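A.B. asks: pasting a predicted model and its sequence here:
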Amino acid sequence: MTAPPLLSVEDLAVEFETAHGPVPALQGVSFWLPQGEVLGIVGESGSGKTVACRSIMRLLAGNARIRSGRIEFEGRDMLALDERELGRLRGERVAMIFQNPSTHLDPLMTVGRQVGEALQVHHGVDAAEARRQSIALLADMRIPEPERRVDSYAHQLSGGMRQRVMIAAALACKPSLLLADEPTTALDVTVQAQILDLLKRLRRERGLSIVLVSHDLGVVAQMCDSVVVMKDGKVVESGPVGDIIERPRMEYTRRLIASQPSLMPPATFATHAREPILSLDNLSVHFPQSRGMAALLAGRTRHVVRAVDGVSLSLARGETLGIVGESGSGKSTIARAIVGLAPTHSGGIVFAGESVGALSGADRIRFQRAVQMVFQDPFTSLNPAFTVAQTLAEPLRQHRLCKPAEIPARVADLMRKVELPAELLTRRSGQLSGGQRQRVGIARALALEPQLIIADEVTSALDVTIQAQILGLFRKLREVMNLSLVLISHDLAVVRHLCERVAVMRQGRLVEYGATADIFAAPREPYTRELLAAIPRIAPPSPVTDAARHPA
Amino acid sequence: MSAGSEAGPRPALGSWRLRLPATLLVGAAIVVTWLLIAAFGPAFVAHDPIAVDLAHALLRPSADHLLGTDSYGRDVLTRLMYGARTDLQMAFFGVAGPFIIGTIVGLLAGNFGGIPDAVLMRILDVTVSFPYFVLVIAIVAVLEPGLTSYYISLTLVNWVSYARLVRSEVIVLRQADFVLAARTIGIGEIRVMSHHLLPNAISPSVVFVFTDAVLTIVLGSSLGFLGLGVQPPAAEWGVMIAEGQLYLATAWWIAVFPGIAISLLALGFSLVADGLAKLLHTAP
């Protein structure tokens, strides 16, 4: 290497001071970034990837201490700088963008003032000039109508627009390095593709160097020149992105790659004919907008949101149906309408030959038992005041499925089904990991011996290796118990892996519906094609080199 | 995604880990000490809290009367201990009524929403729009001076605080996935409210109970001072201060010691509230 790298981090060690003594967050972390390149830091939650990224700017939590190591940026020793010098560098030479653009934009500041703020602080330009440059920046970020948007507030923009504004603000002073911490994680997949394209263009046109922190190997593979794989505060391996993904040397990296849903095998078909268990017939769910007193007095008609608009679907016994779509597409509302948590406006739901709307009394209770739901967020789907045993016993007791004396045995059986150790029964949800919580949520749904399970984004809050385990569990349960499954997901790769049929939703309407293999091979609708094209993919590791490295 | 920045959900009652905050321990120690004094103190003193003994009036603190005597010759220490019984009872009953009623109302209003909720919230607004002390004193004056009136008055006025706290928690919780999960399992409304909503919604109210106890004692003593609370000659700290104020220059001990007692007990409750708030991650 001839020219010194723009950024180099050597043997960095960071620890957090906690009430229980110091906890190491980073140990012996080294990486470097040449001018104009993109470095990916990839890892699961708790791997220290965010800490590694933030320690470059020394933007760490108050209880974090950099214990040893060396960080050099543009020839400066970053650890030797005082706060004032750091403040000059931040925004001027190094800028940062964050995961959640809605919380990192000031809700009381217009977009223009927010973008122009760095210019006024660092370059001392006046307000009019800052505004002029802000408009130019917004235009460069491909924000439509920048002259109008410059006076908007954050809440008036979509998630993708907010992230563009964040990037505009970050790049206002033309920094040489951009630190991007999960910049697209909160965004829909097609919006993510647009933001990634924007970052690529900025790199090409401005020679911007980027450190990209992500949990998504697909994003990293698409964006980066080199990659650092982190786990438990240490670097597992690092190198050029092609080498790491095609020829991973370490077991952990291999597992991370194998857990990518886009690399999992597609669902296989069972060909024998089966009776339908669930069908939706022209289902619509409308929500009246909350109306203010003024609107009411003015006699204005109520505005109605058509969350689900005339959707017809059907699912055979033992089959898995995937419903995919971006946020606001109505996919979760369908799930809630089926289990009765959302009111149906028109159309019908037929379960096992009976119209759900007409059920009452004992039939209604039978239906409630037969259709169970697993929720998205494992952190809010369990009652924090309950132990695992209480959570699992509650449905058994409520429906008197067994004698009270048999409950412990039934609960133990449920724990076995979801592959959780019995020791966890006395824990409360706060003492479980995300994956364990999600398994408890599944066990709770299984307690009532349902025929149909509706899984609403059950893996989107989980790390990718945990996601692979939970998907494996669903596959197994489906085979063993002949369960029918409705899987709601924004992730087409997950759906392809698990579902025989897929429904693509957009703005409450069904865009495309059919066998998964057909839709992935030959999508008919432009929106489906766009969705498919937006999935960040990685090529599978080459088996040839793997064999070459381990000669038999 | 970042390590070390996990705030974690607020723990529910019953899932406390060890490592109690120091304020909680000190506060609890003060409150427990007062409880012990109220329970057993009177057994260790030889004097009568009410009997008048003018021959021994206005004596300075001495070996026989550790905290002196008042204008009627009653032992201040003895009256202080009996007064502790009255004031602790006041803290308990003055808070229990509003707490129970407010919690139930807040739970129902928050869970069911709609018209009952709107009506309850308007009643609440009306109650809140009157000055708190004026309203309590007015109700006590209309009924008849005394502790029972005080409790009735507090319950009528103060339930709104608890109702508002519980309602705002329940409104958030009823949309939580675990509550929806309970409903999809077929759990009835009553059990959803008692087992899923209440235990997770109650923490801020429990913290407020201790802050409220301070207000209740101070207000109760003030009423005693004004002659609207506990009636003389019964021993109560506020009444004792009222009786002692005439003699502040000549026999300071009559008013000062009950004053210190009120301050200490109030401090104890405040520290407990503060410590509980820390423990439960909720604002006091």
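C.D. replies: Noted; the coordinates are in hand. Numbering: from 1, shown residues only, chains lettered A, B, ... in the order given.

A.B. asks: could I get the average pLDDT for the host helix or strand of B:A181?
C.D. replies: Using DSSP states H and E, the element containing B:A181 is helix B:177-185. Averaged across helix B:177-185, the pLDDT comes to 88.

A.B. asks: C-terminal to that helix, what's the next element?
C.D. replies: That would be, after helix B:177-185 and using DSSP H and E, helix B:189-191.

A.B. asks: what's the next secondary structure element after that next one?
C.D. replies: helix B:198-201.

A.B. asks: where does pLDDT dip in the chain?
C.D. replies: Here I'm looking at chain A. A:1-3, A:268-273, A:289-302, A:539-552 (pLDDT under 70).

A.B. asks: could you do chain B instead?
C.D. replies: B:1-19, B:281-284.

A.B. asks: quick revisit: touching chain A at all, the helix holding B:A181?
C.D. replies: Yes - using C-beta under 8 Å from any C-beta of the partner chain, helix B:177-185 reaches chain A at B:D177, B:F178, B:V179, B:L180, B:A181, B:A182, B:R183, B:T184, B:I185. All C-beta atoms are positioned from the backbone trio N, CA, C, and that covers glycine.

A.B. asks: for that helix, list the C-alpha coordinates in PDB.
C.D. replies: Provided in PDB are the C-alpha atoms of helix B:177-185 (Å, rounded to 0.1, in the frame of the first residue of the first chain):
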ATOM      1  CA  ASP B 177     -49.000  -7.300  21.400                       C
ATOM      2  CA  PHE B 178     -49.200  -9.400  24.500                       C
ATOM      3  CA  VAL B 179     -52.600  -8.000  25.300                       C
ATOM      4  CA  LEU B 180     -53.700  -8.700  21.700                       C
ATOM      5  CA  ALA B 181     -52.200 -12.200  22.100                       C
ATOM      6  CA  ALA B 182     -54.300 -12.700  25.200                       C
ATOM      7  CA  ARG B 183     -57.400 -11.700  23.300                       C
ATOM      8  CA  THR B 184     -56.700 -14.000  20.400                       C
ATOM      9  CA  ILE B 185     -56.400 -16.800  22.900                       C
END
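
A.B. asks: so which elements touch it?
C.D. replies: In terms of contacts (3 or more C-beta pairs under 8 Å, 6 or more residues apart in numbering or on different chains; DSSP states H and E), helix B:177-185 is packed against strand A:371-374, helix A:388-398, helix A:434-446.

A.B. asks: return the list of helices and strands in contact with the shortest one.
C.D. replies: With contacts taken as 3+ C-beta pairs under 8 Å, 6+ apart, strand A:371-374 sits against helix A:434-446, strand A:452-456, helix B:177-185.

A.B. asks: hmm, 10 Å instead?
C.D. replies: When contacts are defined as 3 or more C-beta pairs under 10 Å, 6 or more residues apart in numbering or on different chains; DSSP states H and E, strand A:371-374 sits against helix A:331-338, helix A:434-446, strand A:452-456, strand A:484-489, helix B:177-185.

A.B. asks: what separates it from the chain centre, distance-wise?
C.D. replies: With C-alpha atoms, centre = their mean, to the nearest Å as the basis, strand A:371-374 stands 22 Å off its chain's centre.

A.B. asks: next: stretch B:79-91.
C.D. replies: Using C-alpha atoms, centre = their mean, the offset of stretch B:79-91 from its chain centre is 13 Å.

A.B. asks: quick one: which of the helices and strands packed on strand A:371-374 is nearest A:R364?
C.D. replies: Among those, the nearest to A:R364 by C-beta to C-beta is helix B:177-185 (12.6 Å).

A.B. asks: now do that closest one and helix A:388-398, the angle between them.
C.D. replies: On the basis of axes from the mean of the first three to the mean of the last three C-alpha atoms, to 10 degrees, helix B:177-185 is oriented at 30 degrees to helix A:388-398.

A.B. asks: mind listing the helices for chain B?
C.D. replies: B:22-40, B:76-112, B:114-129, B:132-142, B:147-173, B:177-185, B:189-191, B:198-201, B:203-226, B:237-244, B:253-279 (DSSP state H).

A.B. asks: the fifth one versus helix B:76-112: what angle between them?
C.D. replies: It refers to helix B:147-173. Going by the same axes, to 10 degrees, helix B:147-173 makes 40 degrees with helix B:76-112.

A.B. asks: what packs against helix B:147-173?
C.D. replies: Contacts defined by 3+ C-beta pairs under 10 Å, 6+ apart place helix B:147-173 against helix B:76-112, helix B:114-129, helix B:132-142, helix B:198-201, helix B:203-226.

A.B. asks: returning to that earlier point: what's the closest of the helices of chain B to A:A186?
C.D. replies: helix B:177-185 (18.9 Å).

A.B. asks: now that closest one against strand A:452-456, angle please.
C.D. replies: 160 degrees.

A.B. asks: now residue 121: closest residue in space that isn't a chain neighbour?
C.D. replies: Let's take chain A. A:G91 (7.1 Å; C-beta to C-beta, 6 or more residues apart in numbering or on different chains).

A.B. asks: that's the wrong chain, I meant chain B
C.D. replies: In space, B:M121 is closest to B:A109, 7.0 Å off (C-beta to C-beta, 6+ apart).

A.B. asks: what's near enough to touch the one you found?
C.D. replies: By C-beta atoms under 10 Å, 6 or more residues apart in numbering or on different chains, the residues touching B:A109 are B:116-121, B:124, B:163-164, B:166-167, B:170-171.

A.B. asks: can you rerun that using 8 Å?
C.D. replies: B:P116, B:D117, B:L120, B:M121, B:A163, B:R167, B:V170 (C-beta atoms under 8 Å, 6 or more residues apart in numbering or on different chains).

A.B. asks: count of neighbours near the third one?
C.D. replies: It stands for B:L120. B:L120 sits with 20 neighbouring residues when counted by other C-beta atoms under 10 Å in any protein chain shown.

A.B. asks: cool, and A:H399?
C.D. replies: Per other C-beta under 10 Å, the neighbour tally for A:H399 reads 18.

A.B. asks: what is the end-to-end distance of stretch A:512-526?
C.D. replies: End-to-end span of stretch A:512-526 (C-alpha to C-alpha, to the nearest Å): 10 Å.

A.B. asks: how far does that stretch sit from its chain's centre?
C.D. replies: Taking mean C-alpha positions (C-alpha atoms, centre = their mean), stretch A:512-526 and its chain are 24 Å apart.

A.B. asks: now swap in stretch B:224-241 and tell me
C.D. replies: 18 Å.

A.B. asks: kindly report the same for stretch A:21-28.
C.D. replies: 27 Å.

A.B. asks: neighbours around A:S489, how many?
C.D. replies: Neighbours around A:S489, by other C-beta under 10 Å: 24.

A.B. asks: now do the contacts for it.
C.D. replies: So A:S489 contacts A:G322, A:I323, A:V324, A:E457, A:T459, A:S460, A:V495 (C-beta under 8 Å, 6+ apart).

A.B. asks: quick one: contacts for the residue nearest in space to the middle of chain B?
C.D. replies: For chain B, B:A213 is the residue whose C-alpha lies nearest the centre (C-alpha atoms, centre = their mean; 1.4 Å). Taking C-beta under 8 Å, 6+ apart as the contact definition, B:A213 lies against B:A91, B:F92, B:G94, B:V95, B:F269.

A.B. asks: let's see 7 Å
C.D. replies: B:A91, B:V95, B:F269 (C-beta atoms under 7 Å, 6 or more residues apart in numbering or on different chains).

A.B. asks: near chain A, from those residues?
C.D. replies: By C-beta under 7 Å from any C-beta of the partner chain, no member of the contacts of B:A213 lies near chain A.

A.B. asks: ok, back up a step: by neighbours, which of the contacts of B:A109 wins?
C.D. replies: Going by other C-beta under 10 Å, B:A163 tops the contacts of B:A109 with 27 neighbours.
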